[in-house]
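Q: just a sequence and a predicted model for now, questions to come.
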Amino acid sequence: MSGGGGGEDDQHLPGVSSASGSAAGTAGGRATPEMKRSAVRSLIQRYFHQLQSGCGNAQCSNANCASSGKVAPMTPNEVAARALQLFSQDAQLCEASTSATSSPQDVDMLSPNDSSSSSSGSSTSTITSASTTTTTSRQSQSTPAAVLAAVSSTNLVQSVPQLDLGGAEPSSGDSEPCTPTLPPVQSLDANSLMALYEQCRAADSYDRICHAIGDVFSSVDRLSKSFIRSAEPAASSSLQELLANPPEALNKEQLRTLEGEHDKDEDSTQQLEEQSESAEVTPNATAAADVESEAEADAEDDDVPMAHTTEGTSDEDPPQSSDTLVDLPGLRRVQRLLFSCQTRAITDKLTSSVIQLADWVHYLHPDWEKVIHCLVICFDLATNTNNSVVDMDYLDRVLPKLCHAAAAMPVPAQARLARIWAAHCSDQLHSLVAACQQQITLQVLLDEESMRENGSIISITKVLKIVFYANILASELERPSCRVPLEDRTEAAAASGSGVVEDDLFAYNSVLQPHMPKFAEDQLEKALQVSAIDCRKPLIPLEEFYNEALSENIQMHHDYLSYKTLAMESEIGSGHTNYFSFMLYAFILTPSTKVDALYYDSRMRMYSERYTSLYSILNNFGQEGQDGTPRPDLKLTVRRDQLINDALIGLEMVAMSNPKDLKKQLVVEFVGEQGIDEGGVSKEFFQLIVEEIFNPAFGMFIQQEETNNMWFNATPFENGAQFTLIGIIIGLAIYNNVILAVNFPMVVYRKLMGYCGTFADLSDWSPALYKSLKSIMDYQGQDMEEVFDQTFKISYSDVFGDMVEHELVPNGKDVLVGQHNKELFVNLYSDFLLNTNIQQQFNAFRKGFEMVTDESPLKLLFRPEEIEMLVCGSREFDFVELENSTVYEGGYTEESQYIQDFWSIVHAMPNEAKHKLLEFTTGSARVPVGGLKCLRLLITRHGPDSDRLPTSHTCFNVLLLPEYSSREKLEERLMKAINYSKGFGML
């Protein structure tokens, strides 16, 4: 049987002695599938290490052996692929090395189930410890392959193994002494590794510690048994607490606890005695038991479910648990010791071993619970650094490999890793974020053209997502979550709007609309049941997850195409795809880059609606009785003196007849003006209509004097349909990439994202009220009723300034607020002001907003504070950035004295004049997301000196500036233009 397949009877696998063939069979001579898989894995491992480390024979002529010098340098990934190829070709496999040049890593990679190995030798070397004594045989020259006895202390925390291999004797047939083969190390802990380091330093030889690190850190099974924290302090904590109290304070329950602890001590003592008795077996029996246990471990195939747990873990479901057995304090002591060592051999061995482990995890997908234990260890070593040369070298080489391994884990395993990091490694999250960002930036700078296909960037981004949610879990969360399901929102809207017919005017049901594509749902968020919106004050500011280099070089139009490809593959049911889109990892993108993604999505939908309309026009051309031919755009014709009525009536007709027309490109025409809308006319339309709609005299919104924010009028003059139209206008502004002068509190944007307002939202809604309620929450005295004299009856001011009273509970005027119900009072008060009192108005407002934005990736890309920036613009007002981003035409240059005079005049203007200049040149006084550096202003020469005023094309951000004869005339003409400009005309 070629190709590495298992055989029966006299057939055997290539490269394996006939003894292995007989050992692989059952009593009836037939090999089981588990035995065949184990033999195949053993052969592939041998091919891997033959390519990587060689057989040790200097005269080797095998072209596929590193010892022959004919193997080209390869990465571990390439070595693994080549090993699989050699196995399929039944290539020549060298005999195992018998020389002293065989590295510990080569020895470790021999499978414990490799039945071609035999234990023979003429002399032994002894390894002693407080609990076990094992022997390992030295290979003789006639031995074809050696089996290495497993060496592991039964309790590495209590007893540190003392490796003493200096007493090995040479073989009787050799004239020169032969170096003994070091036994494989099955596990490590902080104490044993630090003791071994001290022994190696005393002997001025670090071979043994390098061998131990190579054995353990290159194997998932061995590393998963290492650095286990002791459970003894936690088990006896209740006993120590009771013993600290005086005897008379103990009750019956505490006495039972003492008795239980005593029983535990007896059980543990008995267990230690049994372990010590079992340790006194013969060395051969110990080795046989180790080989048998490893064989049982290999019999379990790679696809081990997450539900499988090792002994000693808690009864909690592992994917939902945040517990870990890793001894993090001990691990960090080891890290400081090893990375401060003057010998690079130790860190080089650690680096190569961790890389090897990560590669095996990435390709073989072993038991994920063991992998999580290993990743917690390896990531902590990578991030708990001191920025030394050794640390950074380890970080640069190991972190991308670890991210490959972590990114390959299933979602439940990633969720478990996030919980562990949040609970036990929160102090290292900032370092991990910085390390990941550094690696992404480095990869982007090295490969700007194909960064979207860069495997390292993709893997690190996926790991950064795990860190993102670990950061949220480690922060103070709002529990229970204030997220409201769509169905609950609809039921509440129906209940609040019973008897109101305005909601039936628009043919739209928010529950039936796709607010989030199925493929774009965040599975990790669902597994963790947490969202970034649940976190008010994150441990690490979420802005630190932005990567500027990635965002600037991403080429968002290409990434959007990948996003749409994923959407199409999801619709046709494709189970596997090679496409990757950073839009699904929006936390790493800056707001300005996400605005670009939203812009491309809006334009694609506009073009789609336009082509649909044009096709309908062509299809119905020449047919009689076809009234109301669809337009390719959404056109509004309005009068300046009747702006509100014309706009709302026009939008109402569209929303009632065909809401999809709202997703066409908006074109505005002012009656009696010649301006052609290429974007600038729409900007002025939105600016004017927002000024009138949010005017308190209009009665739909009220202005809060304390914060200058606008809030919904609980008793409006208009009906609910008018609020729906206002929501449509806000949605159209986002859809058409127009910034509005709207001052909403943050709770409005949180509610648009599907969350309800809570007590924390009062901090920016009404700071004075928030401080007052906070004092009630913080008061701990039992005389709260007398101190505050507050009942469940509240009062608030309406739009006319009159006081309105409301009882939060039935007979609330008779219920005093005390320690037992203060939290209920605060929650009911906040819910009434932010939700219940304006529920009908806000539901109508949100309905109109979602009629425009329901299919856009708005909620996928943006958080509430980013949506506020998207609607209102950035708060950064830096005209130096505008000067640096401006380009010139018509003879003007950056060095022209005339241009330098222009900017000196602009920088000397007051802020009000700067806002007017910005509005004059761009059509909006608001700063776009990302700052004025994202605004590309074009200044062009508009003829020689004359009395004409400067003009502009607000659709294209172009300023037409005549070359005036003096600086004074330039300033006079410019100020007159920006102060008296209004309306549009043709030049």
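A: Good, I have the coordinates. Keep in mind that this is a model prediction, so the values were computed, not measured.

Q: what does the helix or strand harbouring Thr351 contact?
A: Per DSSP states H and E: Thr351 is located in helix 344-364. Contact with helix 344-364 is made by 76-77, 80, 105, 206, 209-210, 213-214, 216-220, 223, 302, 338-339, 341, 366, 371, 374, 378, 381, 390, 393-394, 397-398, 401-402, 404-405, 408, as judged by C-beta atoms under 8 Å, 6 or more residues apart in numbering. Using the backbone N, CA and C atoms, a C-beta is placed for each residue, glycine as well.

Q: PyMOL command to pick out the buried ones of these?
A: Typed into PyMOL, the line below selects the buried ones among the contacts of helix 344-364, using 16 or more other C-beta atoms under 10 Å:
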select buried, resi 76+80+105+206+209+210+213+214+216+217+218+219+220+223+338+339+341+366+371+374+378+381+390+394+398+401+402+404+405+408
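
Q: among the contacts of helix 344-364, which are in helices?
A: Members of these lying in helices (criterion: DSSP state H): 76-77, 80, 105, 209-210, 213-214, 216-217, 220, 223, 338-339, 371, 374, 378, 381, 390, 393-394, 397-398, 401-402, 404-405.

Q: and Glu449, how close does it get to Ser946?
A: Per C-beta to C-beta, to the nearest Å, Glu449 is found 49 Å from Ser946.

Q: go on, Gly56?
A: Distance from Gly56 to Ser946, by C-beta to C-beta: 91 Å.

Q: still on that earlier bit, who has more neighbours, Glu449 and Ser946?
A: Shown here are Glu449 and Ser946; by other C-beta atoms under 10 Å, Ser946 has more neighbours (12 against 9).

Q: can you check the pLDDT for the more buried one?
A: Looking at Ser946, its pLDDT stands at 86.

Q: can you pull the contacts of the nearest residue to Arg926 once chain neighbours are set aside?
A: The shortest distance from Arg926 to any residue other than its chain neighbours is 3.5 Å, reached at Gly873 (C-beta to C-beta, 6 or more residues apart in numbering). By C-beta under 8 Å, 6+ apart, the contact set of Gly873 is 739, 924, 926-929.

Q: I'd like the average pLDDT over stretch 79-88.
A: What stretch 79-88 shows for mean pLDDT is 78.

Q: how about it: buried residues?
A: Those would be 79-80, 82-83, 86-87, for stretch 79-88 by 16+ other C-beta under 10 Å.

Q: would you map out the domains in this protein?
A: 42-86, 184-227+319-492+511-571+581-588, 600-616+631-870, 874-980 (the TED database).

Q: quick one: end-to-end length of the second one, please.
A: When the termini of domain 184-227+319-492+511-571+581-588 are compared using C-alpha to C-alpha, to the nearest Å, they are 43 Å apart.

Q: what does the third one give?
A: Distance between the two ends of domain 600-616+631-870: 15 Å, counting by C-alpha to C-alpha.

Q: on that earlier part again, now the domains of the chain in JSON lines, with distance to Gln92?
A: Compiled in JSON lines, the domains of the chain are given as follows (distance: least, C-beta to C-beta, whole Å):
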{"stretch": "domain 42-86", "distance to Gln92": "5"}
{"stretch": "domain 184-227+319-492+511-571+581-588", "distance to Gln92": "24"}
{"stretch": "domain 600-616+631-870", "distance to Gln92": "54"}
{"stretch": "domain 874-980", "distance to Gln92": "61"}
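
Q: worst mean pLDDT among those domains?
A: When the domains of the chain are compared on average pLDDT, domain 42-86 comes out lowest at a mean of 80.

Q: now the end-to-end length of that domain.
A: Start-to-end span of domain 42-86 (C-alpha to C-alpha) is 13 Å.

Q: how far away from the center of its chain is it?
A: Put simply, domain 42-86 sits 38 Å off its chain's centre (C-alpha atoms, centre = their mean, to the nearest Å).

Q: try stretch 356-372
A: Distance, stretch centre to chain centre, for stretch 356-372: 21 Å (C-alpha atoms, centre = their mean).

Q: and it, end to end?
A: End-to-end distance (C-alpha to C-alpha), stretch 356-372: 16 Å.

Q: ok, now stretch 777-785?
A: Stretch 777-785 has an end-to-end distance of 13 Å (C-alpha to C-alpha).

Q: what's that stretch in contact with?
A: Contacts for stretch 777-785 (C-beta under 8 Å, 6+ apart): 776, 787-788, 816-819, 822-823, 826.

Q: greatest separation within the residues you listed: which pair is it?
A: Within the contacts of stretch 777-785, two members stand farthest from each other by C-beta to C-beta: Val787 and Glu823, at 16.8 Å.

Q: circling back to that earlier point, make JSON lines out of the buried residues of stretch 79-88 and add distance to Val667.
A: Formatted as JSON lines, the buried residues of stretch 79-88 follow (distance: C-beta to C-beta, whole Å):
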{"residue": "Val79", "distance to Val667": "62"}
{"residue": "Ala80", "distance to Val667": "59"}
{"residue": "Arg82", "distance to Val667": "62"}
{"residue": "Ala83", "distance to Val667": "64"}
{"residue": "Leu86", "distance to Val667": "67"}
{"residue": "Phe87", "distance to Val667": "66"}
